[in-house]
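Undergrad: Need coordinates for the following:
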Amino acid sequence: MAKSPKTIGDDAMPDTPPAAEIEAIIHGTHGDPFAFLGVQQAAGGGHVARCFIPGAETVTACNLAGDEIGILTRHHDAGFFSGRVKLEGILPVRYRATRGDAEWTVTDPYSFWPVLGPMDDYFIREGSHLRLFDKMGAHPIKHQGVDGFHFAVWAPNARRVSVVGDFNEWDGRRHVMRLRRDTGIWEIFAPDVRTGASYKFEIIGPHGELLPLKADPYARRGELRPKNASVTTAELHQVWEDEDHRKHWSSIDQRRQPISIYEVHAGSWQRRHDGSMLTWDEMAERLIPYCVDMGFTHIEFMPVTEHPYDPSWGYQTTGLYAPTARFGEPEGFARFVNGCHKVGVSVILDWVPAHFPTDAHGLRQFDGTALYEHADPRQGFHPDWNTAIYNFGRIEVLSYLINNALYWAEKFHLDGLRVDAVASMLYLDYSRKEGEWVPNEYGGRENLESVRFLQQMNAHVYGSHPGIMTIAEESTSWPKVSQPVHEGGLGFGFKWNMGFMHDTLSYFARDPIYRKHHHSEITFGLLYAFSENFVLPISHDEVVHGKGSMIAKMPGDDWQKFANLRAYYGLMWGHPGKKLLFMGQEFAQWSEWSEERSLDWNLLDYAPHEGMRRLVRDLNFTYRKKPALHARDCEGEGFEWIVGDDQDNSVYAWLRKAPGEKTIAVICNLTPTYHERYELSLPAAGRWREILNTDAEIYGGSGKGNGGRVEAYAAEGGWAKAGVTLPPLAVIMLELEH
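TA: Next comes the predicted model:
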């Protein structure tokens, strides 16, 4: 580690500094400004102060109280000064500079001790530092009696790193940072820097090249696009009022709780009349009450971390620690989460540790070398998205990402992280042809480094925040995604069931006359439904890029389209697994989703769309109210087929069960054929109440059904028989009354 400027060494400084060193300071090429600038021990005893203040004509050195301790001599017209000072004790120095009639003060950044210590170095090198978000980046502190910001950045291969910004006229010569050689971290305390200042890092690469200015990887706030600098910000202050909410989720088995997720793109859910985006506070006034009224238990935001390009939807992030400036300051997001928790709604963030964009101000070639990414493009470049892939084999990269997960959980009280593109992380040959990928150490295609990262991330997140959930967007058959790490799993709480989504959408897109030939597209998913803890996802990916909206996927005329979609939602909410629905699909928006505009809320003025919204609302509350529909979502004992082989009629029926709770029968008629008395076996005789019917008039249906109840009569074998009315293209749910 470089020597502290205030640890006076054996080599005393001459009063007149060497011209070569002055030139190096002025041109920003000095190898160690901390050993030359500031207050140093002078030859023959005493101390000499040296400073570089561009534009100054005279400089007087003072202590923090403003008392003069020495008048410095200008040695170079560019603004280099030095001179003897009378220093009592070891204190920071403040310079009073003049030019003509102008006078200003500069607190010497080179007269302060380091902020990071040897224990930080130790834990960083070991990869076990779990509070890097409190050490790296820019943090306001009072250091040796002076307010300012401490800056720290990892750039081990750089020749020089400076913090530049509004506070130093973006001049890289004025705040050259100190290198901690053991860790490759550069740091400096910049006195008198205030909250709200824009800044970046100016980096000289290993071959002496000046790199594009880099945003802070750990920045907690960024400028609003198209600007892309980082912004100094105060430590997050939020009076949290969510103790009961967090206590609940940390004390229960999430697999046995009702979880119905409303996926939201914050920039286009609703907008102001002029088309501009809502702030977090405006969203809180609208979105939170809407979700409460609709019965959703969770809001999942597509990435709200800072990103330069709106059409990336946040999945190409350049500020993994900063809530995007599009919706206001970070405190606004904290207020939003707090507001959700006060009414029992949880918040999940889409999180992207798989890759990052190649924007010049971002992580790519950060210090002039492949630092965060693999140097080999076969490992470090993603051909699908033209992005860089994190090097999961580097301890510092793992620490950066794991700390980020912990940061959102701790600082913003997030309830979950949905991890994007997990499949691309697990396979070295993902989207690559033969010869375009590098096998692992055993010659296989599995990315073992990525596996270790995901396991460590989940272990640390669940270990320190037991109420949180992590969800994997993983589209392959990788085993044990949602099994504990100690059992050889990846450690996620849940996994998206992409197979359910693909098969059911394929089935429902067909004309009902052909569905009998594809009966297994509904039944097949039950063969593996309990192999993982599944979330059934109808996400944004299904309603973009020419795929059309959910209602537009459905076959038939308008009436049949709405009936099909109502039946689809009834099947989905009756099927084992947690639920996720993308915004706008709850009221059957016709148009494909676009991030450029608000949802088509005017459609709620029309009965079929309002009926769809009411159905989703009632499905949510039925699902939440009835433990049989959620308490064994992830366990085979909660499901039993009644009818799984009636392909001629495209009828499916099953039971949902939970110990000590009333059993619910879910019956799906997926053709327009109306069955007035469909003979069905039920597990008990008696009166079964029709608790939900997607064909009800209030939802826009034809109103056919069972008049609210079905009588089941005892039959041989302990089961009962019932003649059940099956409305066309509809799902009904029955519950035994007694």
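Undergrad: mind listing the helices for the stretch 351-500 of the chain?
TA: For the stretch 351-500 of the chain, the helices defined by DSSP state H, counting those that start in this stretch occupy 377-380, 395-411, 422-426, 448-464, 498-508.
Undergrad: Select from the ones you listed the stretch with the lowest mean pLDDT.
TA: Across the helices of the stretch 351-500 of the chain, helix 377-380 has the smallest mean pLDDT, namely a mean of 93.
Undergrad: Now that helix: buried residues?
TA: 379-380 (16 or more other C-beta atoms under 10 Å). All C-beta spots, glycine's among them, are computed from the backbone N, C-alpha and C.
Undergrad: Could you list which residues are in contact with residue 550?
TA: 538, 542-543, 565, 568, 585, 588 (C-beta atoms under 8 Å, 6 or more residues apart in numbering).
Undergrad: Swap in 10 Å and give it another go.
TA: Residue 550 is in contact with 505, 508, 538, 542-543, 561, 564-565, 568-569, 581-582, 584-586, 588-590, 612, counting by C-beta atoms under 10 Å, 6 or more residues apart in numbering.
Undergrad: which one is residue 193 nearest to, not counting chain neighbours?
TA: residue 149 (4.3 Å; C-beta to C-beta, 6 or more residues apart in numbering).
Undergrad: Checking the one you found next. Helix, strand or coil?
TA: strand (DSSP: H, G, I helix; E, B strand; the rest coil).
Undergrad: so it touches residue 197, yeah?
TA: Yes: in this structure residue 149 lies within contact range of residue 197 using C-beta atoms under 10 Å: 7.8 Å.
Undergrad: Compare the two (neighbour count), which wins?
TA: Comparing residue 149 with residue 197 by other C-beta atoms under 10 Å, the one with more neighbours is residue 149, at 25 against 18.
Undergrad: and that one, how far is that from residue 133?
TA: The gap separating residue 149 from residue 133 is 15 Å, by C-beta to C-beta, to the nearest Å.
Undergrad: And for residue 302?
TA: 22 Å.
Undergrad: before we move on, what about residue 361?
TA: With C-beta to C-beta as the criterion, residue 361 and residue 133 are 20 Å apart.
Undergrad: The residue nearest to residue 440 when sequence neighbours are not counted: how many residues sit nearby?
TA: Setting aside the residues directly before and after it, residue 440 is nearest to residue 448 in space (C-beta to C-beta, 6+ apart), at 5.1 Å. Number of residues near residue 448 (other C-beta under 10 Å) recorded here: 15.
Undergrad: List the contacts of residue 448.
TA: By C-beta under 10 Å, 6+ apart, the neighbours of residue 448 are 392-393, 426, 428, 440-442.
Undergrad: Which among those residues count as buried?
TA: 392, 426, 428.
Undergrad: In a markdown table: these, plus distance to residue 416.
TA: Formatted as a markdown table, those follow (distance: C-beta to C-beta, whole Å):
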| residue | distance to residue 416 |
| --- | --- |
| 392 | 22 |
| 426 | 20 |
| 428 | 28 |
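Undergrad: Kindly export the helix or strand containing residue 320 (C-alpha atoms) in CSV.
TA: Per DSSP states H and E, residue 320 falls inside strand 319-323. Output of strand 319-323 as CSV, limited to C-alpha atoms (Å, rounded to 0.1, in the frame of the first residue of the first chain):
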residue,chain,number,x,y,z
GLY,A,319,-25.4,1.6,-12.8
LEU,A,320,-26.1,-1.6,-10.9
TYR,A,321,-26.3,0.3,-7.5
ALA,A,322,-28.3,3.3,-8.7
PRO,A,323,-32.1,3.5,-9.0
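Undergrad: quick check: angle from the helix or strand following it to helix 395-411?
TA: Counting by DSSP H and E, the element after strand 319-323 in chain order, helix or strand, is helix 330-342. Going by axes from the mean of the first three to the mean of the last three C-alpha atoms, to 10 degrees, helix 330-342 is angled at 60 degrees with respect to helix 395-411.
Undergrad: So which bits of helix 330-342 are buried?
TA: Those would be 330-341, for helix 330-342 by 16+ other C-beta under 10 Å.
Undergrad: Can you show me the CA trace of that helix as PDB?
TA: Included here for helix 330-342 are C-alpha records, laid out as PDB according to Å, rounded to 0.1, in the frame of the first residue of the first chain:
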ATOM      1  CA  PRO A 330     -33.200   7.100  -4.800                       C
ATOM      2  CA  GLU A 331     -35.100   8.200  -1.700                       C
ATOM      3  CA  GLY A 332     -38.300   8.100  -3.800                       C
ATOM      4  CA  PHE A 333     -37.800   4.400  -4.600                       C
ATOM      5  CA  ALA A 334     -37.300   3.700  -0.900                       C
ATOM      6  CA  ARG A 335     -40.500   5.600  -0.100                       C
ATOM      7  CA  PHE A 336     -42.300   3.500  -2.700                       C
ATOM      8  CA  VAL A 337     -41.100   0.200  -1.200                       C
ATOM      9  CA  ASN A 338     -42.000   1.400   2.300                       C
ATOM     10  CA  GLY A 339     -45.500   2.300   1.000                       C
ATOM     11  CA  CYS A 340     -45.900  -1.100  -0.500                       C
ATOM     12  CA  HIS A 341     -44.900  -2.800   2.700                       C
ATOM     13  CA  LYS A 342     -47.300  -0.800   4.800                       C
END
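Undergrad: Relative to the whole chain's centre, how far out is it?
TA: 15 Å (C-alpha atoms, centre = their mean, to the nearest Å).
Undergrad: what's that helix packed up against?
TA: Under the contact criterion of 3 or more C-beta pairs under 10 Å, 6 or more residues apart in numbering; DSSP states H and E, helix 330-342 touches helix 243-251, helix 280-294, strand 298-301, strand 319-323, strand 346-351, helix 395-411.
Undergrad: pull the longest helix from the chain.
TA: For the chain, the longest helix by residue count, based on DSSP state H, is helix 607-625.
Undergrad: Figure out how far the strand holding residue 320 is from the centre of its chain.
TA: 9 Å.
Undergrad: so residue 219, which of the three states?
TA: Per three-state DSSP, residue 219 ends up coil.
Undergrad: residues touching residue 301, list them.
TA: Per C-beta under 10 Å, 6+ apart, neighbours of residue 301: 262-266, 269, 283, 287, 314, 323, 333, 336, 347-350, 414, 418.
Undergrad: Check residue 218 too.
TA: 132-139, 151-154, 230, 319-322, 400, 403-404, 407.
Undergrad: With residue 187 instead?
TA: 2, 114-116, 120, 135-136, 150-153, 161, 163, 177-180.
Undergrad: Select from these every entry located in helices.
TA: residue 120.
Undergrad: And the pLDDT at residue 2?
TA: 38.
Undergrad: same deal with residue 238?
TA: 95.
Undergrad: Quick check: it vs residue 412, distance?
TA: Counting by C-beta to C-beta - residue 238 and residue 412 are separated by 8 Å.
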